[in-house]
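Novice: Sequence and predicted structure, then a few things I'm wondering about:
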Amino acid sequence: METAVSYLHDLVLMPTFWQWLGMIVIVIFIVGSVRNLFRIKKCWWSYGLLAVMGFLAGGTVVYIGDLANLPPTFLALLLIIWVCCCGSGWKKICMGLLLGSTVFAWNAIVDNFIRNHSDDFMLPRVIFAFLFYIITWLAAPEKDDDLTPEMWRLILLLTIVPVGSVLGVVLLSRERWEPGNVDLRLHFAVLCLSILAFVGLLWAIRVLMRQRKLEQEAMFAQMNQKYYETMEQQHFEIRRLRHDMANHLQALAALPEGERDKYIRELLDNSALSRTLNYCGDSTVNAVLSVKEGMLQQQNISCEMKLDIPEELPFEKADICAIYANALDNAAEACEGLPEKMRQISLESRAGKGMLAIKISNPCGKSSRMEYSVFPSTTKADRKNHGYGLRSIEKSVRRYGGNMEIGQKEGVFELFCCIPFP
């Protein structure tokens with residue numbers, strides 16, 4: 001504890017300008033590394049807390065066998081990341097543990113194997129902070145990408161190895177480093193392996209996120225293929241009706257009035273005439289809506305659609321698919337269990353003046369008005385595999401700097417998204 005107090009005294013009362021400058025550089029690089037891993041919340045205090053975290057992470061002394069400094073600083077680092085960064089809770093925990101274990105492993109190397117041989121303890125920290133920033137810049141996954149909770153739990157299990165190694169070396173060792181006293185080469189090797197584990201796990205997270213994105217694109221491609229098959233079938237039915245039109249007219253002329261009306265209704269109920277495939281000018285929206293409309297018809301849910309999208313939207317197809325498909329799936333789920341006459345969904349969407357606006361309404365069976373501060377939970381029994389639709393929509397909307405609002409008024413749930421064109 002005496003060494004920690006002495007170190008903090010030297011750190012707070014730095015006698016030279018270069019040591020002050022070195023600490024500022026360390027804070028900048030560590031905060032930059034966090035920005036490479038996360039999207040920071042747009043609050044005035046976020047970067048202030050992250051600067052405090054950078055000061056603690058880069059300046060905390062970590063002596064082998066010292067129980068005073070590492071645990072509270074590690075907890076403070078995790079808490080600041082949880083408060084200041086965006087993303088799922090699993091992502092914050094896993095990335096925070098990886099970041100903390102790597103930084104503190106290097107601090108332990110500096111304080112136990114470098115600082116005892118040199119008075120310049122700041123330069124190794126500055127070099128590490130710079131390299132740490134470069135690694136996170138090159139190897140970090142996209143900040144808006146995410147994994148499923150099951151995948152994050154797997155990453156957390158793998159993260160226990162480097163985190164446990166650092167905590168074990170520092171907290172469980174009874175040996176203190178003193179020149180010529182004990183040989184801590186094994187401790188040094190374990191700390192170095194913990195740093196290498198960060199690079200490997202960060203790369204693994206990037207690969208898993210890329211794989212998940214490919215799976216989402218494959219799902220969209222399958223949906224698109226089904227849309228084109230449906231369109232081809234509709235065109236075939238239309239050609240067949242045109243070919244048989246003369247026969248239909250002759251049959252109508254020969255039928256009595258009552259049977260004639262029935263025959264006309266049967267013709268109008270033909271899927272080639274009753275089903276719409278070209279809802280707007282965007283092929284992706286057409287593909288999603290054609291598939292989902294068939295699903296809604298099977299569930300006896302009526303859907304009123306008003307779309308004004310004259311041309312292709314300038315967004316990623318996977319994001320467009322996620323927004324419209326998840327919104328309609330959530331609306332259909334809300335209609336389950338309601339009387340058939342109440343199963344009505346309204347979809348309005350318009351693109352113009354550099355913006356895309358989407359509004360979806362569905363009954364929810366409540367009369368009071370409320371605004372949701374958190375996402376409403378799924379009504380399905382399998383909560384493990386459902387209930388992430390609104391989060392997926394929000395993720396796609398925020399990717400382009402848009403806003404998503406949800407609320408309830410007079411028994412009607414409303415979802416509104418406003419997305420600026422990139």
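Specialist: Yes, it's here. Numbers count the residues shown, from 1 in each chain.
Novice: Which secondary structure state is assigned to the residue nearest the centre of the chain?
Specialist: In the chain, the C-alpha nearest the mean C-alpha coordinate belongs to D146, at 4.0 Å (CA atoms, centre = their mean). Recorded secondary structure, D146: coil (DSSP: H, G, I helix; E, B strand; the rest coil).
Novice: low-confidence ranges in the stretch 301-422 of the chain?
Specialist: Low-confidence regions of the stretch 301-422 of the chain, defined by pLDDT under 70, span residues 365-389.
Novice: Quick one: the helices in it, in order.
Specialist: Counting by DSSP state H, counting those that start in this stretch, the stretch 301-422 of the chain forms helices over residues 317-335, 389-399, given from the N-terminal end onward.
Novice: now these in a markdown table, with distance to A108 and mean neighbour count?
Specialist: Just so you know, the C-beta spots here come from the backbone N, C-alpha and C atoms, and that holds for glycine as well. Putting those into a markdown table (distance: least, CB to CB, whole Å; neighbours: other CB atoms under 10 Å) gives the following:
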| stretch | distance to A108 | mean neighbour count |
| --- | --- | --- |
| helix 317-335 | 43 | 22 |
| helix 389-399 | 37 | 19 |
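Novice: hmm, back to that, my guess is the residue nearest to the centre of the chain contacts E394. True?
Specialist: No: the pair D146 and E394 fails to qualify as a contact (CB atoms under 8 Å) at a distance of 11.3 Å.
Novice: ok, back up a step: export the helices of the stretch 301-422 of the chain to CSV and append columns for distance to V62.
Specialist: Putting those into CSV (distance: least, CB to CB, whole Å) gives the following:
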stretch, distance to V62
helix 317-335, 43
helix 389-399, 36
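Novice: Compare those and give me the one nearest V27.
Specialist: helix 389-399 (27.3 Å; CB to CB).
Novice: Spatially nearest residue to L356 (excluding sequence neighbours)?
Specialist: In space, not counting the residues next to it along the chain, L356 is nearest to I419; the distance is 4.6 Å by CB to CB, 6 or more residues apart in numbering.
Novice: Now do the contacts for the one you found.
Specialist: When contacts are counted by CB atoms under 8 Å, 6 or more residues apart in numbering, I419 is found next to F315, M355, L356, A357, I358, V397, Y400, G401, G402.
Novice: Now do the strands for the stretch 251-400 of the chain: every range, in order, please.
Specialist: In the stretch 251-400 of the chain, strands defined by DSSP state E, counting those that start in this stretch lie at 302-308, 344-352, 355-363, 370-371, listed in chain order.
Novice: ok, the second one: who's next to it in the sheet?
Specialist: Read it as strand 344-352. Applying DSSP bridges, strand 344-352 is found paired with strand 302-308 (parallel), strand 355-363 (antiparallel).
Novice: which of the ones you listed sits most buried?
Specialist: Neighbour counts (mean count of other CB atoms under 10 Å) averaged over each of the strands paired with strand 344-352 peak at strand 355-363, with a mean of 20.
Novice: Can you name the residues in contact with that strand?
Specialist: The contact list for strand 355-363 (CB under 8 Å, 6+ apart) reads 309, 313, 315, 323-324, 327-328, 330-331, 334-335, 338, 342-351, 402, 411-421.
Novice: that older thread, biggest separation within the contacts of I419, which pair?
Specialist: The largest distance within the contacts of I419, taken as CB to CB, falls between I358 and G401 and amounts to 15.3 Å.
Novice: For stretch 157-164, give me every contacting residue.
Specialist: By CB under 8 Å, 6+ apart, the residues outside stretch 157-164 that reach it are 94, 97-98, 100-102, 105, 193-195, 197-198, 201, 204.
Novice: still on that earlier bit, can I get the strands of the stretch 251-400 of the chain in CSV with distance to D319?
Specialist: Compiled in CSV, the strands of the stretch 251-400 of the chain are given as follows (distance: least, CB to CB, whole Å):
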stretch, distance to D319
strand 302-308, 17
strand 344-352, 14
strand 355-363, 11
strand 370-371, 25
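Novice: Can you list phi and psi of the closest residue to G87 other than its chain neighbours for me?
Specialist: Nearest residue to G87, sequence neighbours excluded (CB to CB, 6+ apart): F38, at 5.8 Å. Here is the backbone geometry of F38 (degrees, to the nearest 10): phi -130, psi 160.
Novice: looking at this protein, which helix or strand is least sure?
Specialist: The element with the least model confidence among the helices and strands of the chain, by mean pLDDT, DSSP states H and E, is strand 370-371, at a mean of 40.
Novice: Going through the contacts of strand 355-363, which ones are buried?
Specialist: Neighbour-count burial within the contacts of strand 355-363 applies to 309, 313, 315, 323-324, 327-328, 330-331, 334-335, 343-347, 349-351, 402, 412-413, 415, 417, 419; the criterion is 16 or more other CB atoms under 10 Å.
Novice: Show the pLDDT at G281.
Specialist: Here the pLDDT value assigned to G281 is 83.
Novice: how near is it to L191?
Specialist: G281 sits at a distance of 59 Å from L191 (criterion: CB to CB, to the nearest Å).
Novice: In terms of packing, which of those two has more residues around it?
Specialist: Shown here are G281 and L191; by other CB atoms under 10 Å, L191 has more neighbours (27 against 15).
Novice: Enumerate every residue touching V103.
Specialist: For V103, the residues meeting the contact criterion (CB under 8 Å, 6+ apart) are I30, A57, G58, F128, F132.
Novice: Secondary structure element holding it?
Specialist: V103 belongs to helix 89-109 when assigned by DSSP states H and E.
Novice: Buried ones in that helix, by neighbour count?
Specialist: Neighbour count says helix 89-109 has 90-109 buried, by 16+ other CB under 10 Å.
Novice: just to revisit the earlier point, relative to V169, tell me which of the strands of the stretch 251-400 of the chain wins on proximity.
Specialist: The nearest among the strands of the stretch 251-400 of the chain, by CB to CB, is strand 370-371 at 49.6 Å.
Novice: What residues does K262 make contact with?
Specialist: With CB under 8 Å, 6+ apart as the criterion, no residue contacts K262.
Novice: how about M404, what does it touch?
Specialist: Per CB under 8 Å, 6+ apart, neighbours of M404: L390, I393, E394, V397, R398, L415, F416, C417.
Novice: give me that answer again for 6 Å
Specialist: E394, V397, C417 (CB atoms under 6 Å, 6 or more residues apart in numbering).
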